[in-house]
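# How does the following fold in three dimensions:
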Amino acid sequence: MGNRLTKIYTRTGDAGDTGKADGGRVSKDDCLIHAQGDIDELNSFVGLLAAKVDDHALNELILKIQHDLFNMGAEISLSQAIITAENVEYLEQQLDHYNADLPPLKEFILPGGGEAASLCHVVRAVCRRAERSLVTLHNEQNTGSEMLAYINRLSDLLFVLARVLTRDAGKKEVYWQSGR
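Coordinates of the predicted model:
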């Protein structure tokens, strides 16, 4: 990699615009930058989740997701496809694997289930916000649809992982009670 970042501050963004990986510049309030920021925030929360999970297999999965999210940020900036159908398929396989041993849902569940599971629900909510940003970007710039499928599947996987973490912590899921 060499010395790609020898100086952290450049002063080039002081007027409210920022550089893209392809050399172009856009306003810092552009939907592209919002999407990149939301993906970056999601990746940071995923990293925090990894710090709360003791299971080696889950940590390997989380690390793969972090690499994919970093690639997604690069894809947004470069406007070239990096996230593929294979990335989406991998998440689907993980969903099937982790969901197989969970009891069927009878009702919506409330976020909770211990510290790691609760954090996983927060990460899922941040993922949904990132998805909304990607949809806005897609509607304005017709970005690759695999990113949309990936982020949608990721939020599903995070929900399932929150259930797994609840079970592994020996906690019970709390079902939503309408009108309570």
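# Residue ranges in the protein under the pLDDT threshold?
1-5, 12-15, 144, 180 (pLDDT under 70).
# Helices of that one, start to end?
With helices called from DSSP state H, the chain shows them at 31-52, 56-78, 85-99, 115-141, 145-168.
# The ones you listed into JSON lines, with extra columns for mean neighbour count?
Yep, even glycine has a C-beta here, placed from its N, CA and C like the rest. Output for the helices of the chain, formatted as JSON lines (neighbours: other Cβ atoms under 10 Å):
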{"stretch": "helix 31-52", "mean neighbour count": "19"}
{"stretch": "helix 56-78", "mean neighbour count": "17"}
{"stretch": "helix 85-99", "mean neighbour count": "15"}
{"stretch": "helix 115-141", "mean neighbour count": "19"}
{"stretch": "helix 145-168", "mean neighbour count": "21"}
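# Could you export these as TSV, including distance to residue 23?
Shown next, in TSV, are those (distance: least, Cβ to Cβ, whole Å):
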stretch	distance to residue 23
helix 31-52	14
helix 56-78	10
helix 85-99	26
helix 115-141	17
helix 145-168	22
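# Out of those helices, which is closest to residue 179?
helix 115-141 (22.2 Å; Cβ to Cβ).
# distance of residue 78 from residue 48?
Distance, residue 78 to residue 48, by Cβ to Cβ, to the nearest Å: 27 Å.
# try residue 110
21 Å.
# and of the helices of the chain, who's closest to residue 18?
helix 31-52 (6.3 Å).
# which residues are in contact with that closest one?
The contact list for helix 31-52 (Cβ atoms under 8 Å, 6 or more residues apart in numbering) reads 18, 20, 26-27, 59, 62-63, 65-66, 69-70, 72-73, 76-77, 115-116, 119-120, 122-123, 126-127, 129-130, 133-134, 136-137, 140-141.
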